[in-house]
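Structure of the sequence below:
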Amino acid sequence: MNRTDFFNVGAAVLAALAAGATPAIAQSANTKSVVDAAKTAGVVGEQADGFLGFVKPTPDTALKAAVDEINAGRAQLYREAAAKNGVTAAAAGASAFTTVVQARIKSGEFYKPAGGGWVRK
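Modelled structure (predicted):
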């Protein structure tokens, strides 16, 4: 996938996120608030593959369920974007991280670049 294709896939994911029309990416307000609080606390971060990951281990089953719910929605969105753009879902997730997710990471939150460890923004 060349650079233009990479960003086109990211743009397709961004458009789907902005439209909010895809039921698979829908999440409850509670799920979002649980994950947002965990991001602020440095427990959850964004990964280069476009999915949420745990910066530190947690026994919190509600948080794990919230992360799983959001990641399942993202996986569906990446599959849809990949099918529309003739790329793999993994490429769509990586593109989403580069063009969408990274831009939304707030100061103090964590992200994990490809091949690297967790970094605080």
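
Helices of the protein, start to end?
3-19, 29-40, 61-85, 89-96, 102-104 (DSSP state H).

Residue 121: which of those helices is closest?
helix 102-104 (8.8 Å; CB to CB). Yep, even glycine has a C-beta here, placed from its N, CA and C like the rest.

quick one: contacts of that closest one?
Residues from elsewhere that reach helix 102-104, judged by CB atoms under 8 Å, 6 or more residues apart in numbering: 46, 111.

average model confidence for that helix?
Mean pLDDT, computed over helix 102-104, is 84.

Check stretch 62-79 too.
Averaging pLDDT along stretch 62-79 yields 95.

Then stretch 112-120?
Stretch 112-120 comes out at a mean pLDDT of 96.

What about residue 49, how many residues nearby?
By the criterion of other CB atoms under 10 Å, residue 49 has 18 neighbours.

if I pick the residue nearest to residue 107 when sequence neighbours are not counted, what's in contact with it?
Among residues not flanking residue 107 along the chain, residue 121 sits closest, at 5.6 Å (CB to CB, 6 or more residues apart in numbering). By CB under 8 Å, 6+ apart, the residues touching residue 121 are 105, 106, 107, 108, 109, 110, 111.
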